[in-house]
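Chemist: model the structure of this input:
(2 chains)
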Protein chains: 2
Amino acid sequence: MSISPDELNKLRKEIDQIDSELVNLLARRAQVTTKVGQYKSQAGLPIYVPEREAELISKRRAQAEEQKVSPVLVEDLLRRIMRESYQTQHVDYLCTNPAIKKIVVIGGAGALGRVFVDMFTRSGYQVDVLEKDDWPDAEQIFSNAGLVVVAVPIKLTETTIEQLTALPTECILADITSTKEKPLLAMMKAHKGPVVGLHPMFGPDVSSLVKQVVVICHGRQAEDYQWLMEQMRIWGAILQEVEAKEHDDAMVFIQVMRHFCSFVFGSHLASANPDLQRLVSLSSPIYRLELSMVGRLFAQNPALYADIIFDNRDSLVRLTEFSDKFTQALNLVEKGDKGEFIKQFFKVGEWFGDYSKQCLTSSKKLLLKADDDRSITAKK
Amino acid sequence: MSISPDELNKLRKEIDQIDSELVNLLARRAQVTTKVGQYKSQAGLPIYVPEREAELISKRRAQAEEQKVSPVLVEDLLRRIMRESYQTQHVDYLCTNPAIKKIVVIGGAGALGRVFVDMFTRSGYQVDVLEKDDWPDAEQIFSNAGLVVVAVPIKLTETTIEQLTALPTECILADITSTKEKPLLAMMKAHKGPVVGLHPMFGPDVSSLVKQVVVICHGRQAEDYQWLMEQMRIWGAILQEVEAKEHDDAMVFIQVMRHFCSFVFGSHLASANPDLQRLVSLSSPIYRLELSMVGRLFAQNPALYADIIFDNRDSLVRLTEFSDKFTQALNLVEKGDKGEFIKQFFKVGEWFGDYSKQCLTSSKKLLLKADDDRSITAKK
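Modeler: Residues are numbered from 1 along each chain as shown, chains lettered A, B, ... in the order given. Purely as a prediction, here's the structure:
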């Protein structure tokens, strides 16, 4: 079999033709899904319906197998296409409680506050923002409020809540702080009506709430804020209900420990001062990803991370435990005791159980995606 | 505007129809790219041609803009499709040096050794594997060898190399160990002919070498192993040439520190014993990714990580520095000194420079991809 250079050009033109048809298909698909989005918005149906997604994908996987196309490829492409439609279609959302006269977001000009202001507004609610200069008008701003959301920095949360003693009784009081025990207690004390603690587990840069986690810590009169939970579900969020104490216990591992370790890792790098460009160019995808998890921290707001690390009651205890573990492991390196290292490695592996295998599989998939564009990986 | 439930079903059928056409397109595209692959294989052209990729993508992005389709979506899809063709098409590769009679891979039955045996075989070389029981026949196995690759575990590398004093003079001696100074010295001492140290920056689970980094540390007579470098480029690898010392200096940060910290993090989690399922379910994508970077370590071979950590000459010094940094930062938490934390945070941010912003941007993109299937994120 032999192909000439002319033939190669012909084949490349054919590829261009197919890719052009692909773009046409995407344009057609977007027109249809926009209509679906409008219908869902009118009917108050959730944007993200896992069952429909699963059905759609399984039909196309089956077709792919028949046509000797990789089903994994087809699934990856469809999921990417669906993500796009979630993000672009839903300009307006169904309002789950039109009886609510007004929503006040305290600190609604802040980064994460703005996300909620935007989502409530796009769901047809009247939203007022209360910033620190507006406190003289607080009484008027709070009158008629059906929901007040406290979206100020952690360190101001409790003092802010303490000022909320004169809300309308039927008004729901909520906060979005990243610790939950203390703010919830403060809200229960300040306000006699419905109370709920929220922790949105995402940053202000999300382009939609689809598949994002919001932690719910119930305070009082949960039946009165069902509509709020329903509203967030319509936005596409995944709600996780948990006790405030359990939430705070978990966050020391989820947030504090990881951020603190990244901070120390970054500090160590900066002081050891290796050639960063060389580190990046010598790194394989997995190492570039590890390094970028550290690097990304320092492009963000330090005050937020200071609050998260310094304001969790368990930080000091857990970080001290970690430091002890580090010293113990360092002793193994000093003694050259690989045997004990391997023994402990297996023990930790047992604790992780199947999860570590799942992590390996999913991170491999993810690295392939990262490598599609080398965005995390590029040598600059 | 109003759409009935019947209309919704009609719209969904239309989406199914479009998706089905998408699968047809992919099948057609694969037929064409297979032909391109065959042509490239015959002509010895590299599989991965960045310029052709860039041109193809920019044409489709322009078309997308015209048709009001997201150019980012189109680029993501095309890159994913191209990744598939790199992986599936290239069964055979051009042989850059048909004069080579034989390649011997010592430890070629090991995980990473197998990758090289496979790639050389698919490029038309005769490949012999030498495992520990084969040493009595070593003389015969090495006779006529044009390239000997040492692919044994780190701890055996130097003793293995010391036995290679009787290779044919024109034979190239190479190793693929993750440290480079000592093996390279050992190779230079044992063998008088061409010598090169390689560090493939990927694990044994890669499905192709496209875009993977291979570090090259030159030893002697580089002109004699140009064909080997060209061969790896044809496989799609990105070659990074660097001094052995600089390589080893960098690896303590790239490999040792990250693995060690993940090990300690995992040990700490296992001993503090929080509810792992709860941590996962309460985590947003970025935290699930962070956790999975730790979890994935423990699904792998501990001996490999023990070798990487214990056998780097700088491990103890760098890990001790890290431990000191950790203690210093812990003191800030103990004193509640957020001000100093923020000051140091900014300083580290300055050291990272633009890289940290790039990391933030690229990790956001990556998280969206991770979230397409929630593979890293699923609540089990």
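
Chemist: how distant is the helix or strand hosting A:Q328 from the center of its chain?
Modeler: Counting by DSSP states H and E, the element that carries A:Q328 is helix A:315-335. Helix A:315-335 sits 30 Å away from the centroid of its parent chain (C-alpha atoms, centre = their mean, to the nearest Å).

Chemist: same deal with stretch A:154-171?
Modeler: 26 Å.

Chemist: list the buried residues of it.
Modeler: Using 16 or more other C-beta atoms under 10 Å in any protein chain shown as the test for burial, stretch A:154-171 gives A:154, A:157-158, A:160-161, A:164, A:167, A:171. Just so you know, the C-beta spots here come from the backbone N, C-alpha and C atoms, and that holds for glycine as well.

Chemist: same question for stretch A:323-341.
Modeler: Buried-residue list, stretch A:323-341, by 16+ other C-beta under 10 Å: A:323, A:325-326, A:329-330, A:332-333, A:338, A:341.

Chemist: one step back: which of the buried residues of stretch A:154-171 lies closest to chain B?
Modeler: Among the buried residues of stretch A:154-171, A:I154 lies closest to chain B (C-beta to the nearest C-beta), at 10.9 Å.

Chemist: A:D311 is in contact with the closest one, correct?
Modeler: Yes - the pair A:I154 and A:D311 qualifies as a contact (C-beta atoms under 8 Å) at a distance of 5.1 Å.

Chemist: restrict the buried residues of stretch A:323-341 to those near chain B?
Modeler: Among those, the ones lying near chain B by C-beta under 8 Å from any C-beta of the partner chain are A:323, A:325-326, A:329-330, A:333, A:338, A:341.

Chemist: outline the domain layout of chain A.
Modeler: Domain ranges of chain A: A:5-89, A:102-242, A:247-373, per automatic domain parsing.

Chemist: ok, longest strand in chain A?
Modeler: Across chain A, the longest stretch assigned as strand under DSSP state E is strand A:213-220.

Chemist: pLDDT weak spots in chain A?
Modeler: Residue ranges of chain A with pLDDT under 70: A:1-3, A:88-91, A:370-380.

Chemist: ok, the residue lying closest to A:P204 once chain neighbours are set aside - contacts?
Modeler: Leaving aside its sequence neighbours, A:P204 sits nearest to A:A111 (C-beta to C-beta, 6 or more residues apart in numbering or on different chains; 3.5 Å). With contacts defined as C-beta atoms under 8 Å, 6 or more residues apart in numbering or on different chains, A:A111 is in contact with A:203-204, A:301.

Chemist: repeat for A:V348
Modeler: So A:V348 contacts B:263, B:266-267, B:269-270, B:298 (C-beta under 8 Å, 6+ apart).

Chemist: next, give phi and psi for it.
Modeler: phi -60, psi -40 (degrees, to the nearest 10).

Chemist: against B:S267, how distant is it?
Modeler: 5 Å (C-beta to C-beta, to the nearest Å).

Chemist: A:A299 and B:D354 touch, don't they?
Modeler: No - here A:A299 lies out of contact with B:D354, judged by C-beta under 8 Å, at a distance of 9.1 Å.

Chemist: ok so, going back, ok, the contacts of A:V348 vs A:F116, which is closest?
Modeler: B:L269 (32.2 Å; C-beta to C-beta).

Chemist: gap between the helix or strand containing A:D249 and the chain center?
Modeler: Taking DSSP H and E as the criterion, A:D249 maps to helix A:244-251. Centre-to-centre, helix A:244-251 and its host chain are 18 Å apart (C-alpha atoms, centre = their mean).

Chemist: just want the angle from that helix to helix A:315-335.
Modeler: Counting by axes from the mean of the first three to the mean of the last three C-alpha atoms, to 10 degrees, helix A:244-251 lies at 30 degrees to helix A:315-335.
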